[in-house]
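> Next comes the sequence, and after it the predicted model I'd like to discuss.
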Amino acid sequence: MFLRPYKRIKDGKEHTYYALVESERTPEGPRQRTVAYLGELNHDQERRWQRTVVFYNRQGEAQQLRLFPDDDNVALPDDPDIVRIRLPRVGWTNARRFGDVWLAWHLWRLLRLDEIVGRHVPATKHTCRPADLVAIEVINRLCGPCSEFALAEHWYAATGLEDLLGIADAEVTKDRLYRTLDGLRAAQTKIEDDVQKQLRTLFDLDYDLLLYDLTSTYFEGLADENELAARGYSRDHRRDCKQVVLALVVTREGFPLAHFTLKGNTQDLATVQQVVAAVEQRFGRLQRVWVMDRGMVSVATLRFLKRSGRQYLLGLRRSVLTKFARELQSRTGWQRLAEHDEVEVKAVQRGRQHYLLARSQPRRQKERAIRRRQRRGLAAGLRKLQARVAQGKLKNRDKIWQRVGRLQERYPKARRFVTVAVTPRGKPVLTWTWDVPRFRAALAADGAYVLLSNRGGWTPQEFWETYMQLAVAEKAFRVLKSELCLRPVWHQYSGRVQAHVFVCVLAYALWKTLDHLARQAGLLTQIHKPAERRYGKAIPQPRPMTPEVILRELACIQIGDIVLETTDGRQLLLRRVARPDAEQKRILAALKLELPERLSPDRLL
């Protein structure tokens, strides 16, 4: 028996294929029979086949070597890497999700959070490093948010983190995770400062513009012993629950700089001085611009921001539009933005203050449609009420005013444009008049808003685009609440609540890092089943791939044990990472990552 090479030219390149050929004697003379076509072989494969052929030739015709013999007494080639297995007994067990947690662990080390947390969170008497337990909490929040109890009982054992971190499942308990949260909360400021330095080094960030915004998240339960839990203005529309307020400062790219966990009834205006002073104390007082929404604006806020040369860009309340009625009604001075055709802006300067009037066509259409619907509803209700009063079905003036009040409560957008009257004597008569000048002023202000800044030199487009970057902070809140499950809060102690929020912010730092890397790589979704080009149906287009999609795709990559039973009664346990499919390979290649094949040596049981 021997190997026979076949050479073939394909695409201008020479390829060598092999066949396993056996010589045998026949009455007609020696003949050659092809046993198997082996295709192309690399150097190691060719060497193994040559050794197999040599062994076969030494045995002669009396004993033939087969690839999977039924006879256990047939000798094997002299190679320690070759064993005989029983094919019906091959199995796959202990399958766990691996791809997403492995990527999160890579991001954790990329930001050097293992070193930063290990430096600031004190070690305990237990064998587990606090930095590793914090990593487990943050990775869980990024890949599969759940409670500490569910994490310790189910989630950790269902992932490949045990192979990555080297921490046994029995070591990860609910109480140990809670104790780690207490240590993490105490080191919040130091960790945030070091993370800021690392982010600046990795992505060349600048902090000349900071976006500041607030949100709230509600509690499940009474939270009677929680000092932070209180009732206040709920952004989640859960006035029935106590809440906590989260103040977040991010860069123009959306990377978190600092966060503050405040009492649930904290007013927006009361947070500006506290947050700005704390950020300046920690990171220095540079010539940076603070961008805030209209909920932060007051006379005291403006007075504070003007001190020491602070620069700001603020959105003002809608009531300020009355001071710019002449500019809004004038048709001159408006300019349409280059990349936003639906937005018109006009720059106005009064003293040292720079204002920007902005008018959005879609926003105007929306506000007018709401007012039109409310005005028509109120008019129809008043006509019906007038008919009932005229027919004598409703004679009591107090009841008439009660019905009017209900209509005004039902249509709040229209009630300020109408004046209702009921005759005081004799037979009651209901009448109403519309305030036309006020209605026209409202039409002129539809879709408009005012921006204020004490910094000059901006073009109207730069002025507007800088304020629109507040959408970055709003997106950060959406990610924290929806994808990282900041809400609801189940912890009943204020310290644990602060630690829970901090874990979510660290998970958001990993999320934002992945988002930045994906955008740098130009990673787009692929439409595998595009819609037919028919009239009236939109054709889906590739768009930037989000971290949520990346983690969902890679979560399908599992790690598990391949169990091989040998013919001599032993078992081989091969722990392997599943090979990625085409889409997963494309994602890993774009991120310049290489998935490991194994994390531990093979075991012979």
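Sure thing, it's come through. Numbers count the residues shown, from 1 in each chain.
> From now on I want contacts and neighbour counts done on CA atoms only, so please keep to that.
Will do.
> Quick check: phi and psi on the most centrally placed residue in the chain?
Most central in the chain under Cα atoms, centre = their mean is residue 479, positioned 4.5 Å from the mean C-alpha point. For residue 479, the backbone dihedrals are phi -60, psi -40 (criterion: degrees, to the nearest 10).
> Residue 109 too?
Dihedral angles for residue 109 - degrees, to the nearest 10 - are phi -80, psi -30.
> ends of stretch 572-581, how far apart?
Using Cα to Cα, to the nearest Å, the span of stretch 572-581 from its first residue to its last is 26 Å.
> Do you have the helices of the stretch 301-450 of the chain handy? List them.
Secondary structure of the stretch 301-450 of the chain (DSSP state H, counting those that start in this stretch): helices located at 325-329, 361-390, 397-410, 436-445.
> Buried residues in the shortest one, which are they?
Of the residues in helix 325-329, those with enough neighbours to count as buried (16 or more other Cα atoms under 10 Å) are 327-328.
> Repeat that for the second one.
Within helix 361-390, the residues scored as buried using 16+ other Cα under 10 Å are 364, 367-368, 371, 374-375, 378-379, 381-382, 385-386, 389.
> Ok, stretch 587-605 next?
587-588, 590-591, 595.
> Then stretch 94-107?
Using 16+ other Cα under 10 Å as the test for burial, stretch 94-107 gives 95-105, 107.
> Out of those residues, list just those in helices.
Among those, the members falling in helices (DSSP state H) are 99-105, 107.
> okay, now residue 332: neighbour count?
Neighbourhood size, residue 332 [other Cα atoms under 10 Å]: 9.
> hmm, I was thinking of residue 517
16.
> Got phi/psi on residue 22?
phi -120, psi 130.
> any idea how far the residue nearest to it when sequence neighbours are not counted lies from residue 311?
Sequence neighbours aside, residue 1 is the residue nearest to residue 22 in space, at 4.3 Å (criterion: Cα to Cα, 6 or more residues apart in numbering). Distance of residue 1 to residue 311, computed by Cα to Cα: 86 Å.
> Could you save the buried residues of stretch 94-107 as JSON lines and add columns showing distance to residue 561?
As requested, the buried residues of stretch 94-107 are arranged in JSON lines below (distance: Cα to Cα, whole Å):
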{"residue": "95", "distance to residue 561": "7"}
{"residue": "96", "distance to residue 561": "10"}
{"residue": "97", "distance to residue 561": "13"}
{"residue": "98", "distance to residue 561": "13"}
{"residue": "99", "distance to residue 561": "16"}
{"residue": "100", "distance to residue 561": "19"}
{"residue": "101", "distance to residue 561": "18"}
{"residue": "102", "distance to residue 561": "17"}
{"residue": "103", "distance to residue 561": "21"}
{"residue": "104", "distance to residue 561": "22"}
{"residue": "105", "distance to residue 561": "21"}
{"residue": "107", "distance to residue 561": "26"}
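> Most widely separated two among those?
Pairwise distances across the buried residues of stretch 94-107 (Cα to Cα) peak at 23.3 Å, for the pair 95 and 107.
> Of the buried residues of stretch 94-107, just say which sits nearest to residue 503.
Using Cα to Cα, the buried residues of stretch 94-107 come closest to residue 503 at residue 104, 13.8 Å.
> circling back: isn't the residue nearest to residue 22 right up against residue 19?
No: counting by Cα atoms under 8 Å, residue 1 does not reach residue 19; the two are 10.5 Å apart.
> So for the two, which sits in the more crowded spot?
Comparing residue 1 with residue 19 by other Cα under 10 Å, the one with more neighbours is residue 1, at 20 against 17.
> Go through the buried residues of stretch 94-107 and say which is closest to residue 36.
Among these, residue 95 lies closest to residue 36 (Cα to Cα), at 35.1 Å.
> The nearest residue to residue 311 once chain neighbours are set aside: what's it in contact with?
Here the nearest residue to residue 311 in space, its sequence neighbours aside, is residue 289; by Cα to Cα, 6+ apart that works out to 4.8 Å. Residue 289 makes contact with 208-210, 310-313, according to Cα atoms under 8 Å, 6 or more residues apart in numbering.
> are any of these buried, and which?
Listed as buried from the contacts of residue 289 are 209-210, 310-313; burial here means 16+ other Cα under 10 Å.
> who are the neighbours in contact with residue 329?
residue 444.
> Next one: it relative to residue 340, how far apart?
21 Å.
> go on, residue 546?
Distance from residue 546 to residue 340, by Cα to Cα: 24 Å.
> who's more crowded, the two?
Using other Cα under 10 Å as the criterion, residue 546 and residue 340 rank with residue 546 on top: 18 against 10.
> quick one: that one and residue 515 touch, right?
Yes: in this structure, residue 546 is within contact of residue 515 by Cα under 8 Å, at 6.4 Å.
> Tell me if I am right that residue 17 is in a strand.
Yes: counting by DSSP: H, G, I helix; E, B strand; the rest coil, residue 17 is found in a strand.
> secondary structure element for residue 6?
Per DSSP states H and E: residue 6 is located in strand 2-10.
> list the buried ones in that strand?
If you call a residue buried by 16+ other Cα under 10 Å, then strand 2-10 has these buried ones: 2-3.
> From here on, call the first residue 15.
Shifting the count to begin at 15 puts that one at strand 16-24.
> Within its sheet, name the partner strands of that strand and how each one runs.
Strand pairing for strand 16-24, determined by DSSP bridges: strand 27-40 (antiparallel).
> what about the spatially closest residue to residue 278 that is not a sequence neighbour, how many neighbours?
Among residues not flanking residue 278 along the chain, residue 258 sits closest, at 3.9 Å (Cα to Cα, 6+ apart). Counted by other Cα under 10 Å, the residues lying close to residue 258 total 26.
> quick one on the thing from earlier: tell me the mean pLDDT over the strand holding residue 20?
Averaging pLDDT along strand 16-24 yields 81.
> what separates that strand from the chain centre, distance-wise?
53 Å (Cα atoms, centre = their mean, to the nearest Å).
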